[in-house]
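[1] One predicted model, sequence on top.
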Amino acid sequence: MTAPPLIPRRMAGVFVAGCAVLAVLPALDLSPYAHNQLTLSYVMIAGALAWNWMGGFVGQVSFGHAAMFGIGGFVAGRLMLHMQLPPPVCWLAGGVVAGVFTLAAHPTLRLRGPYFSIATIGIGEISRQVFTYWEEFTGGATGLSLPISAVQKYQLYWWALALAAAVALASIAIRRSSFGLRLLAIKADVDAAADVGISAALYQDAIFALSGAVVGVSGGIFASYFVFIEPGDMFGFDRSITFVLMAVIGGVGTSLGPALGAIVYVVLRNYLLASYPELHLGLFGVLVIVIILFQPLGITGLVRWLVRRVQRAASPGQP
Amino acid sequence: MSRFADLLVSTVLLAGLYATMSYGLGLIYGVLRVVNLAHGGVIMAGGYLGWVLYVRLGIDPYLTIPLVALASFGLGVALYQGLVRWLPRGAAGGPASLLLLFGVWLVLRNIAYALFTGNEQSITTAYSTRSLALLGVHLPVTRLAVLGIGLAIAAALHTLLRRTQVGRAIRAVAQNADSCTLVGIDVDRIYTLTFGIGTALSGIAGVLLATVFSFNPSSGASELLKAFVVVVLGGLGSIWGIALAALVLAAAETYAVLIMPSYLTTAVGFVLLVLVLVLRPGGFFGHRILA
């Protein structure tokens, strides 16, 4: 007996086709605005999906992912400035450092639920303060400018797309693998999982570090996209909130929902900042409240509900 | 020696503030098993309400406390009846209630931002800079007032929970809600009341905090963190445990200044939190419920 493939063949086909279309889009006279929006969306998709590995699959809601995002961004930036390494190498290095940093947060993994969440607020706040004061590394309040040329910035589109695609595939694969099932078991009941030989500490360490590393890489690309970065923003609490919002909007715990959430977030945020700048945070707050009360799985839950309605309408014989 | 005494005094004064900041969070968690993630937001909102009443109507900040308490009590009741009530409680509702109250926090932040802009504010009165000298130690008047009010609130809360019928009902619900239904306690009403009282306590803490530190719509994260450290350290739900834990946190933060740069003081509370949760998950002072 062979295990089912991690990526179903039909899904893989659709996925490759979709990525191919997105990859040639810029050749079709895409406006600079759309080009930028898509680039940013890809970066956010990667971050949201990686957050969801921890917040959704294991059910450990983190309010501190800005720490990894910022570390990835600043490590990549420093490497570009001082070592003149090619950007992709710097992003990967940033991801690795962020992943190692996440491993250092190991003691917090003994905490569950709200305890873990509030501990991650601590991780985020301490990182923000430490990195704001560590001026030799982050430039302090004056920030850091990255040596990114206009051409390189244009090319970020494909790098970000590649990252988002890889992370999306990884999400599906993790969710369908025995590794993913173990994560779900930990989420459902830590003690019961331990009884069948699943070490919560080991698996949470692994997925938390992986999640942190990917968020670190997306932080590096994000930093390159904005060229100028500043610790107060990169490590800020609002940055951490972003990951939570995207995942909640798209559907916490679903394999690809957070990707939808990221797109909605980027588009909606842009619209709100342009039209109602002083209300955008509150409207996201209201959105979160409505989602949690009426459709805890966000957009994914809404789509599933619609599909069920349509199916029921199509087969009237069924009760 | 005098430096040591100075730090001791500031420890005690800071502890009063931290304890007041933590009662609301502890009470709501102890009874409803819901971590009020909007706690920091309510503290911020309480600060703004006190500030507005002082700046616009000229009411002394400490006299605004009853008004702020009443307003935040109403807010708490509304939050419970309108939102929290509809979620499953306990382990099942954990992430849901957390995220829901997180949404509430964002809304509160935005309201404050829309009304008062993002500028730093603080309540400065004629006596804000005044201090008493006692045995060579300077005691700022506002800090003393905060400590006094904090102690009064602790005593009032203790009396409420220990000596009144409602308080007994709240403690009973905290222990076993199902049995309470059997003996005729309206559990939902107790939950509403508890959420209201807890939120009122957070609002009061906001006013007290505003008379000592500056604040803006985004503040609240570090207050939430500190309150949580205190509540966990004190054993969820015990009032005197909370007071003692506030003293421990205040001492750790104050004396940490001697050995590390001041911007690392937030880390002190965090390290304390992780140590407690890893070593003594029930808190250092037992985990009786609302004793």
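    Okay, I see it.
[2] Quick check: which ranges of the chain have low pLDDT?
    Looking at chain A here, since you left the chain open. Applying pLDDT under 70 to chain A flags residues A:1-3, A:316-319.
[3] um, chain B though
    Along chain B, the parts satisfying pLDDT under 70 run over B:1-2, B:89-94, B:235-237, B:277-278, B:280-291.
[4] The same query, at a cut-off of 80, please.
    B:1-6, B:88-95, B:126-139, B:235-239, B:261-266, B:270, B:273-291 (pLDDT under 80).
[5] could you pull out the helices for it?
    Assigned helices in chain B, in chain order: B:2-32, B:39-57, B:65-82, B:94-116, B:141-163, B:165-175, B:177-182, B:187-210, B:221-233, B:239-259, B:265-279 (criterion: DSSP state H).
[6] Of those helices, flag the one that's most buried.
    helix B:221-233 (a mean of 27; mean count of other C-beta atoms under 10 Å in any protein chain shown). Every residue, glycine included, has its C-beta placed from N, CA and C.
[7] What is it packed up against?
    Secondary-structure packing of helix B:221-233 (3 or more C-beta pairs under 8 Å, 6 or more residues apart in numbering or on different chains; DSSP states H and E): helix A:113-133, helix B:2-32, helix B:39-57, helix B:239-259, helix B:265-279.
[8] which residues are contacting it?
    A:115, A:118, A:121-122, A:125, A:237, B:18-19, B:21-22, B:24-26, B:29, B:35, B:37, B:39-40, B:43-44, B:205, B:209, B:241-242, B:245-246, B:248-249, B:266, B:269-270, B:272-273, B:276-277, B:283-285 (C-beta atoms under 8 Å, 6 or more residues apart in numbering or on different chains).
[9] from memory A:Gln241 sits against A:Phe63, does it?
    Not Gln; residue A:241 is Ile. Yes: the criterion here is C-beta atoms under 8 Å, and A:Ile241 meets it with A:Phe63 at 7.2 Å.
[10] Those two: which has the busier surroundings?
    More crowded of A:Ile241 and A:Phe63, by other C-beta atoms under 10 Å in any protein chain shown: A:Phe63, with 26 against 22.
[11] Leaving out sequence neighbours, find the closest residue to the one residue in the stretch 151-291 of chain B that gets nearest to chain A.
    Closest approach between the stretch 151-291 of chain B and chain A, counting by C-beta to the nearest C-beta: B:Phe270, at 3.7 Å. Distance criterion C-beta to C-beta, 6 or more residues apart in numbering or on different chains; nearest residue to B:Phe270, sequence neighbours excluded, is A:Gly122 at 3.7 Å.
[12] can you check A:Glu125 too?
    B:Thr266 (5.5 Å).
[13] is it true that the one you found touches A:Gly124?
    No: the criterion here is C-beta under 8 Å, and B:Thr266 misses it with A:Gly124 at 10.4 Å.
[14] residue contacts, A:Gly124?
    A:63-67, A:235, A:237, A:240.
[15] can you tell me the helix or strand for A:Ala164?
    In this structure, A:Ala164 sits in helix A:150-176 according to DSSP states H and E.
[16] Check which helices and strands that helix is in contact with.
    Using 3+ C-beta pairs under 8 Å, 6+ apart, the elements in contact with helix A:150-176 are helix A:9-24, helix A:32-52, helix A:87-104, helix A:178-188, helix A:200-226.
[17] Tell me, how many residues neighbour A:Leu6?
    15.
[18] what about the closest residue to it other than its chain neighbours, neighbour count?
    In this structure, A:Leu6 finds its nearest non-sequential neighbour in A:Ala173, 4.1 Å apart by C-beta to C-beta, 6+ apart. Number of residues near A:Ala173 (other C-beta under 10 Å) recorded here: 15.
[19] Might you report the residue contacts of A:Ala173?
    A:Ala173 is in contact with A:6-7, A:180, counting by C-beta under 8 Å, 6+ apart.
[20] swap in B:Val84?
    With contacts defined as C-beta under 8 Å, 6+ apart, B:Val84 is in contact with B:32, B:34, B:97, B:100-101, B:195.
[21] tell me which parts of the stretch 101-250 of chain B are close to chain A?
    Residues of the stretch 101-250 of chain B lying near chain A by C-beta under 8 Å from any C-beta of the partner chain: B:102-107, B:109-111, B:113-114, B:218, B:221-222, B:224-225, B:228, B:232.
[22] for the contacts of B:Val84, which one is nearest chain A?
    Among the contacts of B:Val84, B:Leu100 lies closest to chain A (C-beta to the nearest C-beta), at 4.4 Å.
[23] doesn't A:Val288 make contact with the closest one?
    Yes: in terms of C-beta under 8 Å, B:Leu100 counts as a neighbour of A:Val288; the distance is 7.3 Å.
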